[in-house]
Each structure stands twice: as structure tokens, then as C-alpha cells.
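**Q** Starting from these lines, generate the structure:
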Amino acid sequence: MRTPLNLKAFGVAAFLSAGLLLSGCKSAPELTQANALALIQANYTQTPASGASIAVSDLGMRQGISAKYWNRTTIYPNKYWADFTLTADGKKVVKLQNGGDVIQWRPQSATDANYSVVVITAQANHRKPHDVTDIQDETLPDGSAGKTASFTESVDLTDVPQPLVDIAHNPGNKLSTKRQAEFVLDNGAWKLKGIS
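**A** This next block holds a predicted model:
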């Protein structure tokens, strides 16, 4: 008779111990797409805004002349090299990588369709994240448990003049990039660890 009582007492003690253990463990909150997007956007908002880099091809150069952003000031003997100087309007909307005001157009030949120069929008904006997908549990590179999510990062052309937006949409420009975000738990809440 003593054995069944001991087993019963042991069973009750085990059940209570399991209950205490389970009540002490809090499950991690769900990381939704909206939460992940808000954390990524907050990170982007904290970084300094910057101008967008735009590759300007032959078509873009012609569009820039039509928009009066630059004028051809020098043509070279080979007839396909030229210098284009930014106009007063051009200086308000773009900056050159070298900090000057002359675009040096130097294609390999008169039929070089791949040549382009890069200008940077004077309007500074933050990048925009969107389309968060594939949220999943991961062991992060440092060995900690966390989550990862894929998302798309896009260039923000808000307040950029339409002719420059049109140039940015020409072939050769990449206005969005797939990225991955890593999240870790910090005091019971999800926190963005990094973006790659």
C-alpha cells in the first residue's frame, strides 16, 4: 500500500514542478510582417538621408539637355567625347561624384551603348523598405537564436523633379534591392540586429 501512495505523491510533485517550470518560461512574441517592417523603417530613419545615385546613359544625357540640367560645352575631335557643364537648374537637382560641375562623357566608341556616368540627386531621402517576407526562426552567425526576414529596399525619389525621375527609370538603374534583416529578442521584445 505504501508504494501506490509514494507513486501518487511523486506524480503530484512532478506535475506541480512541471507547471512551475512552464509558468516561468514565457514564449517569444510573434514577429509579424508589420512589426518587422516598422523596425527596419525605424533603422533607416535613424541613418542620415542621402541622395540617390543615378546612372545616366546616352538617352539620359539627352533627357538632361532637354530638362536644361546640363549643356554641352566641349566636343572632342573624335566627335563622341564631350564635356557637359551643369546649368544653374542642374546644380539644384544633381551633384557629381567628383564634386565638380563638368560631366566628362568618354564612351569607348560612337556606338558604345553601355557607357554611362553617375549623378547623385541633390534631394536627400531615406531608403524605403517594403514587401517583408519569409520570416523564420534562425540561429544567427553569433550562435544566438533569432529570426530573419527578406525584404525589398527601394530608392526614394520623393521631391526629385520628374525629368530626373524619368532618367532614373532608364535601363541600367537599379532602384530596388533584395535584403535580409536579422532580429533578436531583447527584454522580451524583438529588436533589429542587422541588415545585409
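**Q** Show me what secondary structure element comes after the helix or strand containing K92.
**A** According to DSSP states H and E, K92 maps onto helix 88-93. For helix 88-93, the following helix or strand on the C-terminal side (DSSP H and E) is strand 94-96.
**Q** quick one: average pLDDT of the next helix or strand after that next one?
**A** The helix or strand immediately downstream of strand 94-96 is strand 102-105, counting by DSSP H and E. The pLDDT scores in strand 102-105 average 98.
**Q** List the residues that contact the spatially most central residue of the chain.
**A** Nearest to the mean C-alpha position of the chain, by C-alpha atoms, centre = their mean, lies E153 at 3.3 Å. By C-beta atoms under 8 Å, 6 or more residues apart in numbering, E153 lies in contact with R127, K128, P129, S176, T177, K178, R179. All C-beta spots, glycine's among them, are computed from the backbone N, C-alpha and C.
**Q** For the third one, name its beta-bridge partners.
**A** Pointing back at P129 there. Here P129 shows beta-bridge partners E153, assigned using DSSP bridges.
**Q** And it, how far from D166?
**A** Distance, P129 to D166, by C-beta to C-beta, to the nearest Å: 24 Å.
**Q** neighbour-wise, which of these two wins?
**A** P129 (22 against 14; other C-beta atoms under 10 Å).
**Q** ok so, going back, mind listing what's buried in the helix holding K92?
**A** G90, V93 (16 or more other C-beta atoms under 10 Å).
**Q** Now do the helices in the chain.
**A** Using DSSP state H, the helices of the chain run over residues 2-24, 33-46, 58-66, 88-93, 162-168.
**Q** how many other residues sit next to A189?
**A** By other C-beta under 10 Å, 12 other residues sit near A189.
**Q** Nearest residue to it in space, please, no chain neighbours.
**A** P29 (6.9 Å; C-beta to C-beta, 6 or more residues apart in numbering).
**Q** so how far is T148 from Q136?
**A** Distance, Q136 to T148, using C-beta to C-beta: 6 Å.
**Q** More neighbours: those two, which one.
**A** T148 (19 against 10).
**Q** still on that earlier bit, pull the most distant pair out of the contacts of E153.
**A** For these, with distances taken as C-beta to C-beta, the pair at the greatest spread is K128 and K178 (13.8 Å).
**Q** Looking at these two, which one has more neighbours?
**A** The residue with more neighbours, out of K128 and K178, is K128; 16 against 10, by other C-beta under 10 Å.
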